[in-house]
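Trainee: From the sequence below, what's the structure:
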Amino acid sequence: MNKQDQLNLIKDDFINSQKVLLAIGDETRQAILMVLMSTDCQTGLRVGEITEQTHLSRPAVSHHLKILRDAGVILMRKEGTKNFYYIDIRTKLGSLKNLVLDIETLLTEFY
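Mentor: The predicted structure is shown next:
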């Protein structure tokens, strides 16, 4: 692959990662992600549990969870009337890995 092809690939990677980058760029959402990553619970956490650990209001947590879900960073599982939020490795976070790897490949080959 020539340099221009790799640059075009990286441009596509950036486009595919825009929502994820915006979603995880916020400190509050980073705190929520840290809570979700640090829990021993494999089934996810409910809004109330996230609220307790982040000291944010329920509406704030719900708002940020929606942004993270819309960006494809987290997933939600319904169990009756309860919603459980969790990070899945198959989410859009993988697009960031592709972006970084493609940039690294370009820099290694051409610089």
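
Trainee: Quick check, pLDDT for D88.
Mentor: Looking at D88, its pLDDT reads 80.

Trainee: One more: the one 10 residues further on?
Mentor: Note on N98: pLDDT of 90.

Trainee: any chance you could map the strands in the chain?
Mentor: Remark: strands assigned in the chain by DSSP state E are 75-79, 82-86.

Trainee: I'd like the distance between the residue nearest in space to the middle of the chain and D26.
Mentor: Among the residues of the chain, the one closest to the centroid is V73, at 3.0 Å (Cα atoms, centre = their mean). Going from V73 to D26 by Cβ to Cβ, to the nearest Å gives 11 Å. C-betas here are computed from N, CA, C, even on glycine.

Trainee: What of D13?
Mentor: Going from D13 to D26 by Cβ to Cβ gives 21 Å.

Trainee: These two: which is more packed in?
Mentor: D13 (18 against 14; other Cβ atoms under 10 Å).
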